[in-house]
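Student: when you get a sec, could you give me coordinates for this:
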Amino acid sequence: MEVILEIIILILSGYFLKVLNILKEEDSKVLSRVVIYLTMPSTIFLVILKNLNPCQISSFLKLMVIIILTFSLCGLLAYILGRFIKLDKKSLGGLILVCMLANTGFLGYPIILGMFGEHGLVRAIFCDMVSVFITMVLGSYVGIKFGSGEGKNVFVEMIKFPPLVTGVLSILLVIIGFKLSYLPNFILKSINYLSSATVPCIMISLGLSLSPRAIQYSLSISGLACLFRFLLSPTFAYLFSIIFGVYGLDRDVLIIESSMPSAMMSFVLGTIYNLNTKIISSAIFITTVMSFFVLFTLKFILV
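Tutor: Just a heads-up that it's a prediction; the model follows:
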């Protein structure tokens with residue numbers, strides 16, 4: 001569980017950079033754009049080219065379908081709940097993102113590897129790939145509809161979203177048999193350097209947006225995010241596993257991946273589309289801290 005502590009430390013690093021007046025809160029927007037347009041596409045390109053094998057897709061298709069259904073259902077219920085409690089539009093968009101999107105990659109990979117080994121990690125990769133797709137498509141849709149994208153064509157905005165374009169092109173490269181080894185070494189190293197900056201940039205950006213007042217103000221929203229991410233989401237995954245006949249290691253990986261805290265990409269999308277980033281950053285921070293206890297408990301239940 002050291003990876004959770006590493007995340008918390010990096011988030012707090014961004015917060016203290018703001019407290020010490022080294023960086024300003026508005027600098028988080030610059031970092032978020034660096035992530036969207038440069039580092040995240042690099043990460044997606046590398047993950048897909050390294051891990052995707054076309055012949056594996058059919059065998060793990062059920063995992064991908066269940067993740068799509070689980071996360072989409074969480075987003076729909078969060079929307080209904082947000083309308084019921086009369087959240088303003090930007091806060092409603094933020095609530096949907098933190099309830100729907102999960103940190104299945106950066107947190108999911110090392111935790112699954114530690115619990116179930118490489119056989120579990122292969123399954124986690126497929127869960128994360130479809131999670132990235134949900135982030136790029138549904139996440140962008142939420143940002144456009146509830147943020148500053150009002151009046152824009154959702155389809156046009158999504159196909160202009162660099163991570164989505166990169167994901168589609170990367171999958172096409174895999175299908176035609178392209179391998180990373182075909183790239184010149186200096187280009188591959190450059191992409192790796194950019195990719196390694198994705199998580200630190202997101203977390204420092206998130207830390208810049210944190211404030212004690214915002215966390216106190218957003219406790220109710222963060223509580224709802226915890227309810228969705230740690231109770232409803234894994235419950236839906238379990239029920240869908242029964243419906244689709246998924247058992248054993250496949251089901252265990254699904255439950256763990258569906259129990260991950262709110263995705264850090266929620267904050268990036270919130271920043272890009274001018275949603276309520278205060279409640280988003282607070283929810284990500286609190287769900288990440290709480291996940292330490294939740295995942296620790298699941299480890300003894302499933303392993």
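Student: so what's the backbone phi/psi at residue 262?
Tutor: With angles defined as degrees, to the nearest 10, residue 262 sits at phi -60, psi 140.
Student: that one bridge partners, please.
Tutor: residue 102 (DSSP bridges).
Student: ok, now which ones touch it?
Tutor: 97-99, 101-103, 225, 229, 280, 283-284, 287-288 (CB atoms under 8 Å, 6 or more residues apart in numbering). Quick note: C-beta positions are derived from backbone N, CA and C, even for glycine.
Student: cutoff 10 Å now
Tutor: Contact analysis of residue 262 by CB atoms under 10 Å, 6 or more residues apart in numbering lists 97-103, 222, 225-226, 228-229, 280-288, 291.
Student: residue 280 versus that one, what's the distance?
Tutor: According to CB to CB, to the nearest Å, residue 262 stands 8 Å off from residue 280.
Student: equivalent analysis for residue 74, please.
Tutor: 15 Å.
Student: restricted to helices, list the contacts of residue 262.
Tutor: 97-100, 222, 225-226, 280-288, 291 (DSSP state H).
Student: return every residue with contacts to both of residue 262 and residue 280.
Tutor: Both residue 262 and residue 280 are in contact with 97-98, 222, 225, where contact means CB under 10 Å, 6+ apart.
Student: which two from the residues you listed end up farthest apart in space?
Tutor: 97 and 222 (13.0 Å; CB to CB).
Student: once you drop chain neighbours, what's closest to the residue sitting nearest the centre point of the chain?
Tutor: By CA atoms, centre = their mean, the chain has its centre lying nearest to residue 263, at 3.3 Å. Distances taken as CB to CB, 6 or more residues apart in numbering place residue 101 nearest to residue 263, at 3.8 Å, with adjacent residues excluded.
Student: residue 74 and residue 280 - which one has more neighbours?
Tutor: residue 280 (32 against 22; other CB atoms under 10 Å).
Student: quickly note the distance from that one to residue 16.
Tutor: Applying CB to CB to residue 280 and residue 16 gives a distance of 20 Å.
Student: what's the answer for residue 53, then?
Tutor: Distance from residue 53 to residue 16, counting by CB to CB: 43 Å.
Student: pick out whichever of these two has more residues nearby.
Tutor: When neighbours are counted by other CB under 10 Å, residue 53 and residue 16 differ, and residue 16 comes out ahead with 13 against 9.
Student: return the residues in contact with that one.
Tutor: Residue 16 makes contacts with 22-23, 207-208, 210, as judged by CB under 10 Å, 6+ apart.
Student: filter those down to the buried ones and hand me the ChimeraX line.
Tutor: Under the burial definition 16 or more other CB atoms under 10 Å, those of the contacts of residue 16 that qualify are selected in ChimeraX by:
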select :23,207,208,210
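Student: got the contacts of residue 16 as JSON lines, with pLDDT columns?
Tutor: Listed next are these as JSON lines, based on pLDDT from 0 to 100:
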{"residue": "22", "pLDDT": "94"}
{"residue": "23", "pLDDT": "92"}
{"residue": "207", "pLDDT": "83"}
{"residue": "208", "pLDDT": "87"}
{"residue": "210", "pLDDT": "74"}
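Student: turn the contacts of residue 16 into TSV, including distance to residue 235 and secondary structure.
Tutor: Shown next, in TSV, are those (distance: CB to CB, whole Å; DSSP: H, G, I helix; E, B strand; the rest coil):
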residue	distance to residue 235	secondary structure
22	43	coil
23	40	coil
207	31	helix
208	34	helix
210	30	coil
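Student: which pair in the contacts of residue 16 spans the largest distance?
Tutor: Between any two of those (CB to CB), the greatest distance is 14.9 Å, for 22 and 210.
Student: which stretches of this protein have low pLDDT?
Tutor: 1, 3, 56-59, 149-155, 157-158, 213-214, 216-217, 303 (pLDDT under 70).
Student: on that earlier part again, which of the contacts of residue 16 lies closest to residue 64?
Tutor: Using CB to CB, the contacts of residue 16 come closest to residue 64 at residue 207, 32.2 Å.
Student: for that closest one, give its distance to residue 18.
Tutor: Taking CB to CB, one finds residue 207 at 7 Å from residue 18.
Student: do the same with residue 275
Tutor: In terms of CB to CB, residue 275 sits 20 Å off from residue 18.
Student: between those two, which has more neighbouring residues?
Tutor: residue 275 (27 against 19).
Student: now the helices for the stretch 151-300 of the chain?
Tutor: In the stretch 151-300 of the chain, the helices defined using DSSP state H, counting those that start in this stretch lie at 154-159, 162-175, 185-196, 198-209, 212-217, 219-227, 233-244, 248-258, 265-272, 277-302.
Student: between helix 277-302 and the fourth one, find me the angle.
Tutor: In terms of direction (axes from the mean of the first three to the mean of the last three CA atoms, to 10 degrees), helix 198-209 departs from helix 277-302 by 130 degrees.
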